[in-house]
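Trainee: sharing a sequence plus its predicted fold:
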Amino acid sequence: MSNNKISKQIMTTKDVAEFLNIHPLTVQRMARQGRIPAFKIGADWRFQRKSLERWMQEKIEYHTTGKERRKAEQQL
């Protein structure tokens, strides 16, 4: 596997902030709180792209399911 391909799989805080369109300090806070999949190398946070994509999909499914559940409860 080439270095370029590996570097795209592992993201920095800045990469994730741009990817999610949020502030880098928000990314760091979420990582520190365990709210986003991350790991540390020394003092720096790193993020695996596949883990982030899976995390986003889980969030989407959770919120979609919640909307459907609320609609069903309102119809009762």
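Mentor: Structure's in. What do you need? Numbering: from 1, shown residues only.
Trainee: for the longest helix anywhere in the chain, what is the average pLDDT?
Mentor: Secondary structure assigned by DSSP state H gives helix 49-75 as the longest helix of the chain. Confidence over helix 49-75 (mean pLDDT, whole number) is 84.
Trainee: stretch 8-26 too?
Mentor: When the per-residue pLDDT values of stretch 8-26 are averaged, the result is 95.
Trainee: what is the end-to-end distance of that stretch?
Mentor: Separation of the first and last residues of stretch 8-26 by CA to CA, to the nearest Å is 21 Å.
Trainee: any buried residues in it, and which?
Mentor: Buried residues in stretch 8-26, counted by 16 or more other CB atoms under 10 Å: 11, 13, 15-17. Any C-beta I mention is one placed from the backbone N, CA and C, and that applies to glycine too.
Trainee: likewise stretch 32-47?
Mentor: Within stretch 32-47, the residues that qualify as buried are 36, 38, 45-47, counting by 16+ other CB under 10 Å.
Trainee: tell me the two of these that are most distant?
Mentor: Within the buried residues of stretch 32-47, two members stand farthest from each other by CB to CB: 36 and 46, at 11.7 Å.
Trainee: spatially central residue in the chain, please.
Mentor: For the chain, the residue whose C-alpha lies nearest the mean C-alpha position (CA atoms, centre = their mean) is residue 52; its distance is 3.9 Å.
Trainee: which residues touch stretch 67-76?
Mentor: Stretch 67-76 is contacted by no other residue when judged by CB atoms under 8 Å, 6 or more residues apart in numbering.
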